[in-house]
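Q: Build me a model:
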Amino acid sequence: MIGNVAVRGAALAAAALCFPVYAEDSAGPYAGASLGVADVRSSGYADVDYYGFDEHHAAWKVFGGIHPIAPLGLEADYLDFGDASAGAHYSYDSASSNARAGALYAVGYLPVPLPLLDVFGKFGIARLYQETSINYPVACVPGHECAQYFGLLREDVWTTAVAYGAGVQARFANLGVRAEYERIGGNSGEPDMITVGASWNF
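A: All right, here's what the predicted structure looks like:
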């Protein structure tokens, strides 16, 4: 009997620790923006490795969502991974890639026993657009200067892919300050970003 009472008491204590987290969560909509850095990858024009690269670039995103029940939410993001570029082989030819995406996530919140802190994971689907451009000399003879005429190759690719991420957010009344990581999967370079931003609960 005493053992059962002790077990029930421990369960109630654990629930009491978690309750403030859920009780203070906002059930209304929210919106925000973030800045950070992205890793933009490209396998080159038409997947030719000669023009492939993996570069960092400034990135930004805007987002909005709703948190209707304590452990679950829904969020829509627009992510701009920036326009990264790199030399392909010689100093006079180059490759660049611009990646951006719209994503829809299901968001899961962990019941951490801290009333002003959210720890969350995101999983969903994204529509990724990636533009790859190659600037190359039309004529070049080894050992001599290349001609001052350049050609341009361009490839635009739309991909529907899995999107996922995780983050942490501190809440101060209606204001939230968050840091998070997001990545777009698939076969189009899999760009990712780390950002810090703010949100407002309405």
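
Q: How about the helix or strand encompassing G73, which residues are buried there?
A: In the assignment (DSSP states H and E), G73 maps to strand 72-87. By neighbour count with 16 or more other CB atoms under 10 Å, strand 72-87 contains the buried residues G73, E75, D77, L79, D80, F81, G82, D83, A84, S85. Placement of C-beta: from N, CA and C, glycine included.

Q: List the pairing partners of that strand within its sheet, with orientation.
A: strand 53-69 (antiparallel), strand 94-109 (antiparallel) (DSSP bridges).

Q: V177: which of those is closest?
A: strand 53-69 (13.7 Å; CB to CB).

Q: Tabulate the CA atom coordinates of the closest one in CSV.
A: The C-alpha coordinates for strand 53-69 follow below in CSV (Å, rounded to 0.1, in the frame of the first residue of the first chain):
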residue,chain,number,x,y,z
PHE,A,53,31.7,22.6,-54.8
ASP,A,54,30.8,22.8,-51.1
GLU,A,55,30.7,26.4,-49.8
HIS,A,56,29.4,28.5,-46.9
HIS,A,57,27.2,31.6,-47.4
ALA,A,58,25.0,34.0,-45.5
ALA,A,59,21.4,32.7,-45.2
TRP,A,60,18.0,33.8,-43.9
LYS,A,61,14.5,32.5,-43.4
VAL,A,62,11.0,33.6,-42.5
PHE,A,63,8.6,31.3,-40.8
GLY,A,64,5.1,31.0,-39.3
GLY,A,65,3.2,28.4,-37.5
ILE,A,66,0.8,27.3,-34.8
HIS,A,67,1.2,25.3,-31.6
PRO,A,68,-2.3,24.0,-30.9
ILE,A,69,-1.5,21.3,-28.4
